[in-house]
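Visitor: Predicted coordinates and the sequence they were generated for:
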Amino acid sequence: MLLKILSTVFSKVFTAGIGFIVVIITARALGAAVRGDIALLLLNISIIGLFQGIFNGSVLIYLTPKFSFLKLFFITNIFSLAFAVGLPYLMVATGLLDYHQIYILILLTALQGILTTSQSLLLGKEKIQHFNLLEVIKSSVLLLSIVFFFWIWKDISLESVIYGYGISYIIPLVISIFLISPFFQSESEIGNKKESMLKSLLKYGFEIQINNISHMINYRFCFFIIEKWKGKDALGIFSIALSLCEVIWIIAKSISTFQYSKIVNTTDPEEQRKLTIHSLQLSFIATIPPLLILLILPNSIFAFVFGDDFSSIRTVLYPLSFAVIFLAIFTIINHYFSGIGKNRLNIIGSFIGNILVVVLCFSLIPNFGIIGAGIATSITYLFILMYLVYRFLKQTNSAFKELIPSPSSIKSLIQELKR
């Protein structure tokens, strides 16, 4: 168990590390305001990616063994491109996007959609090494592209960053086509009708993505309110603080990846329960040390790494630190319910968060700025976590004290890790 978790952590840390270097370079070279522009662009790409994920995300991995590889490739890409073209215009109509950004967003999300389809199909064929290779190539090309444009081409600008993201999609996309090309052949299908394929994509994909989209609102809604009330400088600082927290969340995400793969292949409810409790405790214990290190770093370190614009970033990390802990636990319980097919409970929890985050952001950010955004985020995830913990205890007939690490539970956890 430990080796599998560590290998997953390593691959995620590498990709996150490259992303973090990109954040440092762009923050120091372009400043907080342009970092805010980049954060909004990536947020918009993520929003459209969530809609594309109805067809090309986890559901595609699940359906790849059941339907024609070629049909899945074309059908999912048709829907991905439709979202890439249609949603930016909708965002312009609702005031979430400036019109001059629309073609950039269409191009980047179209490339993202096709690449994600190829990667999901590879995972569906159990080509995990190919999937990881594409992730490494994508992040590496992004870094190299930005370095090239900034220091060789001598164009230190937002446009260079956008070009870098475009190239980072194009190169792995071309490679992915070569990797999946051997699978473009006639295949026997469990579901031979096109309608059954579409029905399956919609049924499973829509349920999963409702939860993901709702979670994205909980996680990123404050970006729009910060920009509206406090400006792009404040948004740039908050986005960097959140990026620092995301580095720590890699631990919980890696543990939940292993936990989820075990749960979906286990029919014993008691084994699923014990695995979730062990994963929850491990996630909590492993999250605390790096979080404490992050909180005690002096402001001078952040100013040195990111630039003087970010010297006050630690004041935002304090209120966000509670969200880091809550999410470390939330992620494990969320994957438990997904693994046993009870996505509806996760959706209810996310909807509770949607209501809270909207009310809290409008209440706190105008008065307290990005510190209020951190408080709003932490309170939101506290209430979501309370609901999911309650549902988990009810579902598994567990006692709350079983979730709290104790000497005996830690000993049991160590034995589980050695397996």
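Guide: Received, thanks. All values reported here derive from a predicted model rather than from experimental measurement.

Visitor: Off-centre distance for the longest helix along the chain?
Guide: For the chain, the helix with the greatest residue count under DSSP state H is helix 194-263. Distance of helix 194-263 from the chain centroid (CA atoms, centre = their mean, to the nearest Å) equals 4 Å.

Visitor: ok, now stretch 42-51?
Guide: Distance, centroid of stretch 42-51 to centroid of chain: 10 Å (CA atoms, centre = their mean).

Visitor: Neighbours of residue 42, how many?
Guide: By the criterion of other CB atoms under 10 Å, residue 42 has 16 neighbours. C-beta here means a position set from N, CA and C on the backbone, and glycine is covered the same way.

Visitor: by contact count, what packs against the longest helix of the chain?
Guide: helix 2-56, helix 58-63, helix 69-93, helix 269-296, helix 314-339, helix 343-396 (3 or more CB pairs under 8 Å, 6 or more residues apart in numbering; DSSP states H and E).

Visitor: what about the ones you listed, which gets the closest to residue 241?
Guide: helix 314-339 (4.2 Å; CB to CB).

Visitor: Return the set of buried residues in that closest one.
Guide: For helix 314-339, burial by neighbour count (16 or more other CB atoms under 10 Å) applies to 314, 316-317, 319-339.

Visitor: What is the burial count for the residue lying closest to residue 18 once chain neighbours are set aside?
Guide: Nearest residue to residue 18 in three dimensions, chain neighbours excluded: residue 139, at 3.9 Å (CB to CB, 6 or more residues apart in numbering). Neighbours of residue 139 under the rule other CB under 10 Å: 20.

Visitor: Specify the residue ranges that define each domain of the chain.
Guide: The record's domain parsing of the chain by automatic domain parsing lists 1-192, 210-419.

Visitor: okay, those domains in CSV with distance to residue 204 and mean pLDDT next?
Guide: Shown next, in CSV, are the domains of the chain (distance: least, CB to CB, whole Å; pLDDT from 0 to 100):
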stretch, distance to residue 204, mean pLDDT
domain 1-192, 4, 86
domain 210-419, 9, 87
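
Visitor: Can I get those domains in JSON lines including distance to residue 201?
Guide: As requested, the domains of the chain are exported to JSON lines (distance: least, CB to CB, whole Å):
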{"stretch": "domain 1-192", "distance to residue 201": "5"}
{"stretch": "domain 210-419", "distance to residue 201": "14"}
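
Visitor: OK, contacts around residue 52?
Guide: 79-80, 83-84, 109, 112-113, 116 (CB atoms under 8 Å, 6 or more residues apart in numbering).

Visitor: Looking at these, point me to the pair that's furthest apart.
Guide: Largest pairwise distance in the contacts of residue 52, by CB to CB, is 13.4 Å, between 79 and 112.

Visitor: re earlier: can you say which of the helices and strands packed on helix 194-263 is nearest to residue 221?
Guide: helix 343-396 (5.2 Å).

Visitor: roughly how far is that closest one from the heart of the chain?
Guide: Distance, centroid of helix 343-396 to centroid of chain: 17 Å (CA atoms, centre = their mean).

Visitor: Out of the contacts of residue 52, which is nearest to residue 305?
Guide: Checking these one by one against residue 305 (CB to CB), the nearest turns out to be residue 112, at 28.3 Å.

Visitor: these two touch, right, the closest one and residue 170?
Guide: No. At 10.7 Å, residue 112 does not count as touching residue 170 under the criterion of CB atoms under 8 Å.

Visitor: higher neighbour count, those two?
Guide: Between residue 112 and residue 170, residue 112 has the larger neighbour count (other CB under 10 Å), namely 23 against 15.

Visitor: now whichever strand or helix holds that one against helix 2-56, angle please.
Guide: Assessed by DSSP states H and E, residue 112 sits inside helix 102-124. Helix 102-124 and helix 2-56 are oriented at 130 degrees to each other (axes from the mean of the first three to the mean of the last three CA atoms, to 10 degrees).

Visitor: Now the element after helix 102-124, going C-ward?
Guide: Next helix or strand after helix 102-124 toward the C-terminus (DSSP H and E): helix 128-147.

Visitor: Just want the angle from that next one to helix 2-56.
Guide: Going by the same axes, to 10 degrees, helix 128-147 makes 80 degrees with helix 2-56.

Visitor: helices or strands up against helix 128-147?
Guide: Counting contacts by 3+ CB pairs under 8 Å, 6+ apart, helix 128-147 packs against helix 2-56, helix 102-124, helix 158-180.

Visitor: So which bits of it are buried?
Guide: Quick answer for helix 128-147 (16+ other CB under 10 Å): 130-135, 138-143, 145-146.

Visitor: Dump that helix to PDB, restricted to CA.
Guide: What follows is helix 128-147 as a C-alpha-only set of coordinates in PDB (Å, rounded to 0.1, in the frame of the first residue of the first chain):
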ATOM      1  CA  ILE A 128      -1.100   4.100 -17.000                       C
ATOM      2  CA  GLN A 129       2.600   4.700 -18.000                       C
ATOM      3  CA  HIS A 130       1.500   6.400 -21.200                       C
ATOM      4  CA  PHE A 131      -0.900   8.600 -19.300                       C
ATOM      5  CA  ASN A 132       1.800   9.600 -16.800                       C
ATOM      6  CA  LEU A 133       4.200  10.300 -19.700                       C
ATOM      7  CA  LEU A 134       1.800  12.700 -21.300                       C
ATOM      8  CA  GLU A 135       1.300  14.500 -18.000                       C
ATOM      9  CA  VAL A 136       5.100  14.900 -17.500                       C
ATOM     10  CA  ILE A 137       5.500  16.100 -21.100                       C
ATOM     11  CA  LYS A 138       2.700  18.600 -20.800                       C
ATOM     12  CA  SER A 139       4.100  20.200 -17.700                       C
ATOM     13  CA  SER A 140       7.700  20.100 -18.900                       C
ATOM     14  CA  VAL A 141       6.800  21.700 -22.300                       C
ATOM     15  CA  LEU A 142       4.900  24.500 -20.500                       C
ATOM     16  CA  LEU A 143       8.000  25.400 -18.400                       C
ATOM     17  CA  LEU A 144      10.400  25.200 -21.300                       C
ATOM     18  CA  SER A 145       8.000  27.300 -23.500                       C
ATOM     19  CA  ILE A 146       7.700  30.100 -20.900                       C
ATOM     20  CA  VAL A 147      11.500  30.100 -20.400                       C
END
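
Visitor: I'm done for today, thanks for sticking with me.
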